[in-house]
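Chemist: Give me coordinates for this.
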Amino acid sequence: MFKSILFPTDGSELSEKATATAVQFAALNQARIVGITVVQPFAMTPITDAGVVVDVGDFAVQMQEAAREHIDKLAAAAQIAGVPFEGIISTSTVPFEEIIEASKKFNCDLIIMATHGHTGLDKFLLGSQTDKVLSNTTLPVLVLR
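Modeler: Residues are numbered from 1 along each chain as shown. Predicted coordinates for the structure are as follows:
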């Protein structure tokens, strides 16, 4: 039924737990997984409380390294299960748009996402990439908590 599954991961504990379900679902459907991690760049040079300027270049390198680790963990889980895998790291200030674009680019027919389940003020302040994907894609989305 599903042949190409997009699985966004942010490396959170919740995403890591959802990895097992996504990989198992892909294996049952004999589908491939396309893993995506979206790195959000700093919009400005941050200054800490001590008045120290954070090196944006170092931050970008650290974020890319963390994203690579997230993708590598997903790749390892897929390999163990014998599931074909492609991994991408994207940089954007608007992650949900990158997720939707990746689903199109890689001809995915399902998106599996974890959600933190923020409600109320947390949801307003933090936003929900899952909600935004749900509202802006025509693909089915399997949401895991």
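
Chemist: which is the next helix or strand following the lowest-mean-pLDDT helix or strand in the chain?
Modeler: One helix or strand of the chain scores below all others by mean pLDDT, DSSP states H and E: helix 120-126, with a mean of 47. Once the chain leaves helix 120-126, the next helix or strand it forms, by DSSP states H and E, is helix 129-136.

Chemist: pLDDT below threshold where in the chain?
Modeler: Under the criterion pLDDT under 70, the flagged ranges of the chain are 43-56, 117-127.

Chemist: And the strands in it, which stretches?
Modeler: Taking DSSP state E as the criterion, the chain carries its strands at 4-8, 32-39, 85-91, 110-114, 141-144.

Chemist: Among the ones you listed, which comes closest to residue 16?
Modeler: strand 110-114 (8.8 Å; Cβ to Cβ). No exception for glycine: its C-beta is placed from N, CA and C like everyone else's.

Chemist: buried residues in that closest one?
Modeler: By neighbour count on 16 or more other Cβ atoms under 10 Å, the buried set for strand 110-114 is 110-114.

Chemist: hang on, the earlier thing: of the strands of the chain, flag the one that's most buried.
Modeler: Neighbour counts (mean count of other Cβ atoms under 10 Å) averaged over each of the strands of the chain peak at strand 4-8, with a mean of 25.

Chemist: Which elements pack onto that strand?
Modeler: Other helices and strands packing on strand 4-8, by 3 or more Cβ pairs under 8 Å, 6 or more residues apart in numbering; DSSP states H and E, are helix 13-28, strand 32-39, helix 95-105, strand 110-114.

Chemist: Strand 32-39 and that strand, what's the angle between them?
Modeler: Angle between the axes of strand 4-8 and strand 32-39 is 30 degrees (criterion: axes from the mean of the first three to the mean of the last three Cα atoms, to 10 degrees).

Chemist: For strand 4-8, report the contacting residues that lie outside it.
Modeler: With contact meaning Cβ atoms under 8 Å, 6 or more residues apart in numbering, strand 4-8 is reached by 15, 18-19, 22, 25-26, 29, 31-38, 74, 95, 99, 102-103, 106-113, 129, 133.
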